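Trainee: next one to model:
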Amino acid sequence: MSEAQSNGSEELNQLDELEVLKARARLLGVEFSNNIGLETLKERVAAKLNDTPAPTADTAQANPLTSLTKDSTADATSAPVKVLTLRQHLLNENMKLIRVKVTNMDPKKADLQGEFFTVANEFLGTITKFVPYGESTDEGYHVPYCIYKMLKARQFLQVSSRKNKKSGQLDVSQQWVREFALEVLPDLTEKELKQLATEQAASGRIN
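Mentor: Take a look at the predicted model:
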């Protein structure tokens, strides 16, 4: 392989790494500009994971094709450790259990007792959870935080109509509204957790 071909391959690999790192940064809520350099973004992601101040300027590494440095080999060697740390961070954050009361607000689903919800991405894998509605959640139902965020973001198109007194015709309006009313309940005490575990073992169910 010629030197030009070798340099071109390295530049493409770096671009791929930058795009992957940008996706991770977005999941962590790290802010960055579109022309940020690879090394600067690595520093910001690391700072986010370690709760340390992040660099504030997108330095001269704005062009990803010119951002290779003598430290590239060291960064590449440590990359698997960073990926593992990021995945563990996201798992810890998104799999923590939230105790909620769930009320379905969509009249089209009034007869449903609950639904399966699925969250999937490269870090969490595929998370599927059945979430009941209404009275069965009055005492609280535990869902992973990633499922809670999905429930909180769900909306449905509400269509309503009323008769116009002047024209005698029906005026139809529609708007997007929240699909679920969610009430976050306090965490169970140790005594309540033991009692719940006993009840679940006796009934053969897992909440």
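Trainee: contact partners of stretch 124-135?
Mentor: 90-91, 94-95, 102-104, 112-120, 141, 143-144, 146-147, 151, 180 (Cβ atoms under 8 Å, 6 or more residues apart in numbering). No exception for glycine: its C-beta is placed from N, CA and C like everyone else's.
Trainee: stretch 89-101: end-to-end distance?
Mentor: Stretch 89-101 has an end-to-end distance of 27 Å (criterion: Cα to Cα, to the nearest Å).
Trainee: buried ones in that stretch, by neighbour count?
Mentor: 89, 90, 91, 94, 98, 99, 100, 101 (16 or more other Cβ atoms under 10 Å).
Trainee: related to what we said a few turns ago, any of the contacts of stretch 124-135 buried? List them.
Mentor: Buried by 16+ other Cβ under 10 Å: 90-91, 94, 102, 104, 114, 117, 119, 141, 143-144, 146-147, 151, 180, out of the contacts of stretch 124-135.
Trainee: can you map out the helices along this protein?
Mentor: Secondary structure of the chain, counting by DSSP state H: helices at 3-28, 38-50, 72-94, 145-153, 190-203.
Trainee: related to what we said a few turns ago, pLDDT added to the buried residues of stretch 89-101, as TSV?
Mentor: Shown next, in TSV, are the buried residues of stretch 89-101 (pLDDT from 0 to 100):
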residue	pLDDT
89	84
90	84
91	85
94	91
98	93
99	94
100	95
101	96
